[in-house]
Structure formats: C-alpha cells, structure tokens
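Engineer: For reference, the sequence and a predicted model appear below.
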Amino acid sequence: QDTIVSEVVQRTTTRLDVDMMDKLTGARFRYGMTLAPDGRVPAMTNAFYRIAQGDTVPFQSAKFAFRGDSVRVVISGNVSRVENLATRAGAIPYINPSAAMLEQVLRRARAMGNTVDTVPIFAVTGGRTVPVQVTWVGTDSAVMQLATVEMRAAVSPDGALLGLAIPTQNAHVIRLDGAHPLVIRKIDYGAPPGAPYTAEDVTVHTPAGLALTGTLTLPTARSGPVPAVVTITGSGAGDRDERIPLVGGYRPFWQSADTPARRGLAAPRPAAPRAHGAGAR
C-alpha cells in the first residue's frame, strides 16, 4: 500500500525502454529513448494510457526529436498536432516521477565529468525546461537538486541508480527484480445500488475535433427536461470524480453529482479534456 509508482526498465547502451504505472493518477506510460554515448537523448517515443478509465490502447502518443536547443513533438491520439518547442541543448526528457529518467540525468552528469554539473530536463507534460544540479559525493553517491527538492542517490560503478531518497517528501526509490507490484483497476462511475438515478457514459464532439468524455447522472423519475449542475475540472491530472488519492480517495465531484441527482437534477461530470502526459500543454 505504500508503493505509488512502479517501473519496469530495460536498458542497453543505445536504448532505454520503460513501462511506468502511476497509482496516484491511474495512468500508465510506456516510453522508449534512443541513447547517445555521452548520455544525451536524441529521440523518444511515449504512449499514455488512462488505466483507471479502462484504456486498452494509448489515449495519446507522442514522438520527440531533440536537436540543439529545440525539440519537435508529433502528437497523435485524442488530439493530433505538431509542435516545435524551445529547450536547452542536452536536455533529458522527464515524466514525473520516473526514476529511470533520473538515472539518465545521472549518466549524463557522469559523462560531463565534473564534481558539480547542471543537467537540463525537459518536462514531457507541460514542455518546460528546468535545471537539475548534480553533485557527486565520492564515486557511489550523488545529490540531485531540482528546484527546492533534494534527492540523494546511490549509484553503481556502471551508472545504475541503486536507490534514491527524497527526505522532504519521505519518499524512496528502491531497485528490485520482478514485475509491477501495482494493480490499477478501472474506476466505476456507475450509480450506487438503490440510487434514484442512472449514470451513463457520454461523449461530446466539439467543432475543433476534441472528444470530451464524461458521465451523466439523470434522476430516474422524470417526465421531461430537468435542470443540470455541470462540474468543471481544475488544473492537474484528474478523473471524472476529481479523486484525491492522498486524502483517502475522496471524490468531491462524485458527491457533486450524487447529491443533486437525489434531488431531481442532472449532473454531467466530464473527464479532464487535457492532452496529458505525452507532451501537450
């Protein structure tokens, strides 16, 4: 119950392939990096699945090509487009909180050869580039500073990340053999037993080509149109219930739909329409 993210990592001298599952957001990322001898990442592919919403094919996919101080992003899926974004030369792509990507930051810093180096990372979600300062402590340890977050890493002679501690978050990365310890189940947005309303999946197609999915609750006893309460998501990753995993799975949008529906009102609650996790802003 204390594991929030799990990654299965396969690495060669020229390739890094990772299958990452995030319990907090109910998401799965399957990404692959092309690796250069000096630790740079010339290209990357990423597929994003909303496991908690039942995705069996990627909700969104993206290809990244890094050239100097820019990155070309080709996005396909619920939204398709091409973007050319500014970054910094040698930037390592990063999906929070991928430990395999942090390991690549360490490998890049080691190739740079100094006791203290700064490695830029390109946030795949959002497109921002931020610096990570890497300070080596002997040959088997390093301190990574990302904004105000300090991460203390144990590193093997061949550059593998053996473990990581984030004291301010009381979080640890542990390396082990085996498959994913996490099981993420599809979220049930249906009406609870005995409820005086129904809950059905709906999709709204916009003129811009977006497909907005959600759940519509309707009172069972109705003879015509009924008033509706519409919930709208805020920033950050979210589902139709706006589930808050760190607060016991609290679901404020579910309550915002259940209570009105029991009083004769309809309540559509949409999923966040953001292109999330594959490079879109």
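Structural biologist: Looks like it arrived, so ask away.
Engineer: is it true that Ser6 touches His180?
Structural biologist: Yes: judged on CB atoms under 8 Å, Ser6 makes contact with His180 at a distance of 4.7 Å. To be clear about C-beta, it is placed using only N, CA and C from the backbone, and glycine gets the same treatment.
Engineer: Mutual contacts of these two, please.
Structural biologist: Shared contacts of Ser6 and His180 (CB atoms under 8 Å, 6 or more residues apart in numbering): Met21.
Engineer: Tell me which of these two has more neighbours.
Structural biologist: Higher neighbour count among Ser6 and His180: Ser6, with 18 against 14, using other CB atoms under 10 Å.
Engineer: what's the neighbour count on Arg106?
Structural biologist: Actually, residue 106 is Leu rather than Arg. Using other CB under 10 Å: Leu106 sits among 24 other residues.
Engineer: How about Ile4?
Structural biologist: Ile4: 15 neighbours (other CB under 10 Å).
Engineer: ok, and the closest non-adjacent residue to it?
Structural biologist: In this structure, Ile4 finds its nearest non-sequential neighbour in Lys23, 5.1 Å apart by CB to CB, 6 or more residues apart in numbering.
Engineer: Isn't the one you found up against His180?
Structural biologist: No: if you go by CB under 8 Å, Lys23 and His180 don't touch, sitting 10.3 Å apart.
Engineer: list residues touching both of these two?
Structural biologist: Ser6.
Engineer: Tyr49 sits in which helix or strand?
Structural biologist: Here Tyr49, judged by DSSP states H and E, is contained in strand 43-50.
Engineer: Could you spell out the sheet neighbours of that strand, each with its direction?
Structural biologist: Next to strand 43-50 in the sheet, as set by DSSP bridges, lie strand 27-34 (antiparallel), strand 60-67 (antiparallel).
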